[in-house]
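1. here is the input, now give the coordinates:
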Amino acid sequence: MQNILENLKEFWQFTGFANFEFGYLIMIIVGCLFIFLAIKFEWEPMLLVPIGFGILIGNIPLFAGLNVGVYEEGSVLNILYQGVQRGFYPPLIFLGIGAMTDFSALIANPKLLLIGAAAQFGIFGAYAISLALGFDAAQAGAIGIIGGADGPTAIFLSSRLAPNLMGAIAVSAYSYMALVPVIQPPIMRLLTTKKERLIRMKPPRPVSPTEKKLFPIIGFLLTAFIVPSGIPLLGMLFFGNLLKESGVTKRLANTASGPLVDIVTILIGVTVGASTQASQFLRWESVKIFIIGALSFVIATFAGVLFVKFFNLFLKEGNKINPLIGNAGVSAVPDAARVSNNVGLEYDPKNYLLMHAMGPNVAGVIGSAVAAGMLLGFLG
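-> Reported below is the predicted structural model:
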């Protein structure tokens with residue numbers, strides 16, 4: 001009988017109940033909230049469901065030495081997490097993004113690239129705020145990239161510049177990507193007049209197959225020569241697009257944009273979520289990162305919309321750009337473009353802005369990768 005009691009006591013010590021702390025409960029609630037928002041409101045379910053469940057996985061209280069936690073060297077979760085820590089997953093995500101992205105709207109109207117560039121002020125605004133709040137330059141650079149609304153880029157850069165903050169940065173970036181339909185519309189309405197919201201843009205010109213084939217080659221060479229440190233992301237992005245547009249690698253393009261990106265999305269979501277262990281995540285630094293992340297999205301949206309309003313001062317009537325597509329300069333493809341379209345339809349049910357908004361939206365993908373390369377070059 002004594003042995004049975006001792007065995008039961010020993011077993012109890014290995015359970016999550018015996019090692020429970022209040023912080024774990026907070027994170028489990030956060031994980032459940034992510035899953036609820038993804039299922040109930042369909043806010044980025046492909047991201048929030050894996051991340052939310054990963055948070056649950058990472059916040060089961062563990063007895064020291066079980067060797068199953070994401071931070072325990074050699075554990076299965078730790079091995080999967082190496083793809084995040086060493087930056088393997090983000091370039092593969094960019095390969096898939098390139099293979100599923102149509103750059104026609106940007107090719108047809110290259111000046112939309114400027115809107116994508118303007119929205120990157122969110123990155124540098126967040127960088128300045130981070131420095132002001134006491135983060136060092138490398139940490140500020142990693143936090144600032146949240147403003148690009150690009151989760152893979154945030155993971156890639158933070159793995160190089162601030163590995164200790166990567167969990168908070170990644171969760172913040174993906175969380176605000178999911179909240180794009182909530183954060184951006186009020187700002188867009190605030191900054192635009194009814195007359196501006198009703199601007200109808202000319203239909204984009206047809207883009208030839210040759211232009212589509214040349215774009216990823218020329219685009220890569222130009223951006224890579226400017227920021228060689230961005231090659232892992234830019235190279236895979238444009239390579240994936242070449243697979244799509246070449247017309248002779250359809251099977252590879254389908255693999256990159258389908259099974260491959262789905263598998264990597266699952267792995268990156270679950271492992272990033274699992275990295276938010278209460279002991280590592282519930283710190284004042286994480287709270288500051290979430291606040292800065294929200295401000296960076298606000299700055300990016302302000303910059304994109306205000307830039308279009310400024311740019312319109314130099315354009316003739318009939319060639320003006322609807323400022324409602326200014327928000328789409330962030331890298332949240334295609335959600336930010338959908339927001340542009342939906343807000344536009346509120347004021348004119350026949351004014352479809354989606355195709356126009358896709359121009360700055362895909363420019364934002366390129367812009368965030370270029371900005372990450374610049375920050376890595378200066379701070380890495």
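
2. count of neighbours near P259?
-> Using other CB atoms under 10 Å, P259 has 11 neighbouring residues. Glycine gets a C-beta too; all of them are placed from N, C-alpha and C.

3. which of the three states applies to it?
-> Secondary structure, DSSP: H, G, I helix; E, B strand; the rest coil: P259 is helix.

4. same for the helix of greatest length in the chain, what does it pack against?
-> For the chain, the longest helix by residue count, based on DSSP state H, is helix 284-312. Here helix 284-312 touches helix 113-118, helix 121-132, helix 137-144, helix 166-178, helix 180-191, going by 3 or more CB pairs under 8 Å, 6 or more residues apart in numbering; DSSP states H and E.

5. would you turn those helices into CSV with mean pLDDT, mean neighbour count and distance to K9?
-> Conversion of the helices and strands packed on helix 284-312 to CSV gives the following (pLDDT from 0 to 100; neighbours: other CB atoms under 10 Å; distance: least, CB to CB, whole Å):
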stretch, mean pLDDT, mean neighbour count, distance to K9
helix 113-118, 92, 23, 61
helix 121-132, 92, 22, 48
helix 137-144, 94, 25, 44
helix 166-178, 86, 26, 34
helix 180-191, 94, 18, 49
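
6. could you point out which of the ones you listed sits nearest F239?
-> With CB to CB as the criterion, F239 lies closest to helix 113-118 of the helices and strands packed on helix 284-312, at 19.9 Å.

7. state the phi and psi torsions of S246.
-> Torsion angles at S246 (phi, psi; degrees, to the nearest 10) stand at phi -60, psi -30.

8. burial check on the closest residue to it other than its chain neighbours, number of neighbours?
-> Nearest residue to S246, sequence neighbours excluded (CB to CB, 6 or more residues apart in numbering): K213, at 6.1 Å. K213 sits with 16 neighbouring residues when counted by other CB under 10 Å.

9. same for whichever strand or helix holds K213, what does it pack against?
-> Element membership for K213, per DSSP states H and E: helix 209-226. Judged by 3+ CB pairs under 8 Å, 6+ apart, helix 209-226 is in contact with helix 104-108, helix 231-245, helix 354-379.

10. isn't P91 up against S159?
-> No - at 11.4 Å, P91 and S159 do not qualify as touching, with contact defined as CB atoms under 8 Å.

11. circling back to that earlier point, tell me the buried residues in the helix holding K213?
-> By 16 or more other CB atoms under 10 Å, the buried positions in helix 209-226 come out as K212, K213, F215, P216, G219, F220, T223, A224.

12. show the average pLDDT along the strand or helix carrying S159.
-> For S159, the element it lies in under DSSP H and E is helix 151-161. If you average the pLDDT over helix 151-161, you get 90.

13. if we can go back for a sec, next, the angle helix 231-245 makes with the helix holding K213.
-> 170 degrees (axes from the mean of the first three to the mean of the last three CA atoms, to 10 degrees).

14. just the C-alphas of helix 209-226, formatted as CSV.
-> Taking C-alpha atoms only, helix 209-226 is exported to CSV below (Å, rounded to 0.1, in the frame of the first residue of the first chain):
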residue,chain,number,x,y,z
PRO,A,209,2.5,37.2,-70.7
THR,A,210,6.0,38.4,-71.6
GLU,A,211,5.8,41.2,-69.0
LYS,A,212,4.7,38.7,-66.4
LYS,A,213,7.6,36.5,-67.1
LEU,A,214,10.2,39.3,-67.1
PHE,A,215,8.9,40.9,-63.9
PRO,A,216,10.2,38.4,-61.4
ILE,A,217,13.6,38.3,-63.0
ILE,A,218,14.0,42.1,-63.3
GLY,A,219,12.3,42.7,-59.9
PHE,A,220,14.7,40.3,-58.2
LEU,A,221,17.8,41.7,-59.8
LEU,A,222,16.9,45.3,-58.9
THR,A,223,15.9,44.6,-55.3
ALA,A,224,18.7,42.2,-54.6
PHE,A,225,21.3,44.6,-55.8
ILE,A,226,19.9,47.3,-53.6
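
15. can you list contacts of the helix or strand encompassing I26?
-> Assessed by DSSP H and E, I26 sits inside helix 22-40. Applying CB atoms under 8 Å, 6 or more residues apart in numbering, the contact partners of helix 22-40 are 16, 43-45, 47-49, 51-56, 58-61, 175, 178, 273, 276-279, 281-282.

16. same question for stretch 119-137.
-> Contacts of stretch 119-137 (CB under 8 Å, 6+ apart): 139-141, 143-149, 288, 292-293, 295-301, 303-304, 307, 326-330, 360, 364, 367-368, 371, 375, 379.

17. tell me the pLDDT of the residue nearest to F20 when sequence neighbours are not counted.
-> Of all residues beyond its chain neighbours, the one nearest F20 is P61 (4.9 Å), with distances taken as CB to CB, 6+ apart. P61 carries a pLDDT score of 89 in this model.

18. for P61, helix, strand, or coil?
-> P61 is classified as coil under three-state DSSP.

19. repeat for D102
-> From three-state DSSP, the assignment for D102 is coil.

20. angles on the backbone of G74, please.
-> The phi and psi values for G74, taken as degrees, to the nearest 10, are phi 90, psi -10.

21. that one contacts N67, doesn't it?
-> Yes - assessed by CB under 8 Å, G74 is found in contact with N67 at 6.5 Å.
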